[in-house]
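J.: Provided below are the primary sequence and the corresponding predicted coordinates.
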Amino acid sequence: METIKVIIAGPRGRMGKEAVQLIAGQEHMELVAVLDHRYDGKLLSEVVEFSNAEVQIYTNIEECLQNTKADVLVDLTTPEFGYIHTKTALEYGVRPVVGTTGFTKEQLEELTQLAERKGIGCIIAPNFAIGAVLMMKFSQMAAKYFKDIEIIEMHHDQKLDAPSGTAVKTAEMISQAREEKIQGHPEEKETIDGARGANFEGMRIHSVRLPGLIAHQEVLLGADGQTLTIRHDSYNRASFMSGVKVSIETVLNLETLVYGLENILD
Ligand SMILES: NC(=O)C1=CN([C@@H]2O[C@H](COP(=O)(O)OP(=O)(O)OC[C@H]3O[C@@H](n4cnc5c(N)ncnc54)[C@H](O)[C@@H]3O)[C@@H](O)[C@H]2O)C=CC1
Ligand SMILES: O=C(O)C1=N[C@H](C(=O)O)C[C@H](O)C1
């Protein structure tokens, strides 16, 4: 197998750190550069303790892509920069694997069209954990029988986007199996704004943010006299790494943008 040359954007972040260590442990992958918003020109090993990778830090994505012959850019940054990085990588013919969440529908559509025009692969995965992907699929299956659904996602309090990318993806997958339905009492009123959560085709999404949490989600499905609860918990960020690995390997063989890990797993 040929060595896959990888750039990681956001290498000092909670996910980025794990991804740097993931690549270091793969014989068929090589970290060729990292993209940060600080420490331009320094080596990663000079600014972090967790890695001895002697790869250059770039703060300018175009310069980074021009100077390195990368195959894949893994983005684990913020919605604002993740979008810019993904778009620029596609324009340079470098395949993006994007874990960053919080992109708008319009941004996803634009990136889909750009990947199509360029004829190169891109994977945008709101959740790389296999258990989370199964939770979404099981919820979609159950929604055929349970039309009343509330999603409760729970994350650490440093998270920028709400609802989480996973909650949005879950609602989108469920909506493929469920007719739009207004839930609750037709005359219900919120006496405090937001009490009923976000409204996605009548389903409700509630976002909890607390220190101590990592990434958790419950999908509650209700019907007459019964409820079904489907829950997934990530207790560490290593739980996402097998999904990052398979995405890096798979994106090389794609010619379009794939949104969601469920679309590339057997
Ligand atoms: N798809 C998945 O399975 C998962 C996705 N995520 C998503 O990944 C993203 C990152 O999450 P965390 O690592 O928890 O956040 P974090 O805040 O720990 O890390 C983000 C990193 O991005 C860096 N950054 C900010 N602007 C940048 C720029 N312009 N260029 C390069 N780097 C820049 C920051 O310095 C920081 O180190 C979030 O959008 C989060 O929702 C998080 C966990 C799992
Ligand atoms: O920010 C996080 O931590 C996570 N973000 C992703 C999301 O928004 O769904 C995936 C996972 O839930 C962790």
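T.: On my side now, so go ahead. Ligands and ions are numbered 1, 2, ... in the order given.
J.: tell me the average confidence for the helix or strand harbouring residue 219?
T.: Element membership of residue 219, judged by DSSP states H and E, is strand 215-223. Averaging pLDDT along strand 215-223 gives 98.
J.: does ligand 1 sit close to the helix or strand just after it?
T.: Once strand 215-223 ends, the next helix or strand along the chain (criterion: DSSP H and E) is strand 226-234. No: legend: contact between strand 226-234 and ligand 1 by C-beta under 6 Å from any ligand atom is lacking; minimum distance shown is 7.5 Å. For the C-beta atoms, the positions are set from N, CA and C on the backbone; glycine is no exception.
J.: Just the mean pLDDT for strand 226-234, thanks.
T.: Strand 226-234 shows a mean pLDDT of 98.
J.: and the nearest residue to residue 38 once chain neighbours are set aside, what does it touch?
T.: Leaving aside its chain neighbours, residue 38 sits nearest to residue 59 (6.9 Å; criterion: C-beta to C-beta, 6 or more residues apart in numbering). Applying C-beta atoms under 8 Å, 6 or more residues apart in numbering to residue 59 gives the contacts 35-40.
J.: any idea how far residue 59 lies from residue 37?
T.: From residue 59 across to residue 37, the span is 6 Å (C-beta to C-beta, to the nearest Å).
J.: hmm, stretch 70-89 touching ligand 1?
T.: Yes: using C-beta under 6 Å from any ligand atom, we find that stretch 70-89 touches ligand 1 at 76-78, 81.
J.: Adding pLDDT, write those residues out as TSV.
T.: Output for these, formatted as TSV (pLDDT from 0 to 100):
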residue	pLDDT
76	98
77	98
78	98
81	97
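J.: which one among those residues gets closest to residue 255?
T.: residue 76 (23.9 Å; C-beta to C-beta).
J.: show me the contacts for the closest one.
T.: Contact analysis of residue 76 by C-beta under 8 Å, 6+ apart lists 8-10, 13, 15-16, 19, 99-100.
J.: now residue 102
T.: By C-beta under 8 Å, 6+ apart, the contact set of residue 102 is 78-79, 82, 160-161, 165.
J.: secondary structure element for it?
T.: Assigned by DSSP H and E, residue 102 belongs to no helix or strand.
J.: just residue 54 next, same as before
T.: Residue 54 belongs to no helix or strand, assigned by DSSP H and E.
J.: try residue 81
T.: Applying DSSP H and E, one finds residue 81 within helix 79-91.
J.: Indicate whether that helix makes contact with ligand 2.
T.: No: Helix 79-91 does not reach ligand 2 (C-beta under 6 Å from any ligand atom); its nearest approach is 9.8 Å.
J.: tell me what that helix is packed against?
T.: If you count contacts as 3 or more C-beta pairs under 8 Å, 6 or more residues apart in numbering; DSSP states H and E, helix 79-91 packs onto strand 4-9, helix 61-67, strand 72-75, strand 95-98, helix 105-118, strand 122-124.
J.: and with 10 Å instead?
T.: strand 4-9, strand 29-35, helix 61-67, strand 72-75, strand 95-98, helix 105-118, strand 122-124 (3 or more C-beta pairs under 10 Å, 6 or more residues apart in numbering; DSSP states H and E).
J.: Can you give me the buried ones in it?
T.: 81-83, 85-90 (16 or more other C-beta atoms under 10 Å).
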